[in-house]
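1. I'll drop the sequence and a predicted model, then ask my questions.
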Amino acid sequence: MQTYTTKTFSLGTLDGLSQRQIDEHLKLYAGYVKNVNAICDRVKILKADSATNALELSELTRRFGFEFNGMRLHEYYFSQFEKNMVAGEGKVKEKLVVDFGSYDAWLAEFKSVGLMRGIGWVLLVQDEVTNNLHTIWVSDHEIGNLAGQKVLLAMDMWEHAFLLDYIPSQKKDYIEAFFKNLNWNIVESRG
């Protein structure tokens, strides 16, 4: 099995998100990559005697979803702040108008989901069967993910994403900073 590697991102200076906040958050992301590889390596060893190691194998299999989705969702998150993307066609924004009535109606819904209590992710996903767009909340990294949905936009609402710059009661300010720095062309490129 191929080993996963920690990606690098061309972020530059972000408005409302300090370099310290981003650096610490990137370290956490690197930890997910390390844990994914460690689980894969350990599972490979344990499978040599899967009957004896059934309990540990099942726990690692469950843990894999958390670590893998933590890795992948952070890759979506950080890549959205990169500035060197070529402009997309705008088809995601057009679809938001169709599915939500207007871009502003969707944006208000997305932000309000981000203000809910708890830790997790707010995602804009596209159903690959119907092409419908959905704003969803994913607890932890894996609970609430909808099967077969393409992630178009990912906003990290775990406190590690903003706590060095904003206290929990300032989540709204973090969300505004998130959207100030969002490169919508990247969202379009995923649609």
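-> Perfect, thanks for sending it.
2. so what's the most centrally placed residue in the chain closest to, chain neighbours aside?
-> Geometric centre of the chain, nearest residue: L73, 2.8 Å, by C-alpha atoms, centre = their mean. Excluding its sequence neighbours, the residue lying closest to L73 (C-beta to C-beta, 6 or more residues apart in numbering) is A154, at 5.3 Å. For every residue, glycine as well, the C-beta is placed using N, CA and C.
3. name the element the one you found belongs to?
-> strand 149-156 (DSSP states H and E).
4. Which residues belonging to the next helix or strand after that strand are considered buried?
-> Remark: after strand 149-156, the chain's next helix or strand is helix 171-181, criterion DSSP H and E. Neighbour counts using 16 or more other C-beta atoms under 10 Å place 171, 174-175, 177-178, 181 of helix 171-181 among the buried residues.
5. quick one on the thing from earlier: ok, now which ones touch the residue nearest to L73?
-> 73, 76-77, 80, 121-123 (C-beta atoms under 8 Å, 6 or more residues apart in numbering).
6. Kindly indicate the member of these with the most neighbours.
-> The most crowded member of these, judged by other C-beta atoms under 10 Å, is W121 (27 neighbours).
7. Quick one: residues contacting the closest residue to that one other than its chain neighbours.
-> Spatial nearest neighbour of W121, excluding adjacent residues (C-beta to C-beta, 6+ apart): V138 at 4.4 Å. Neighbour list for V138: 69, 73, 120-123, 144-145 [criterion: C-beta under 8 Å, 6+ apart].
8. and those as TSV, adding distance to T130?
-> Converted to TSV, the contacts of V138 look like this (distance: C-beta to C-beta, whole Å):
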residue	distance to T130
N69	23
L73	23
G120	24
W121	22
V122	21
L123	17
G144	19
N145	17
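9. Among the residues you listed, which ones are in strands?
-> Judged by DSSP state E, strands contain the following of the contacts of V138: 120-123.
10. Strands of the protein, residue ranges please.
-> 120-127, 133-139, 149-156.
11. for those, which one sits closest to S58?
-> Proximity to S58 (C-beta to C-beta) singles out strand 133-139 among the strands of the chain, at 21.1 Å.
12. Report the buried residues of that closest one.
-> Going by 16+ other C-beta under 10 Å, strand 133-139 has these buried residues: 133, 135-136, 138.
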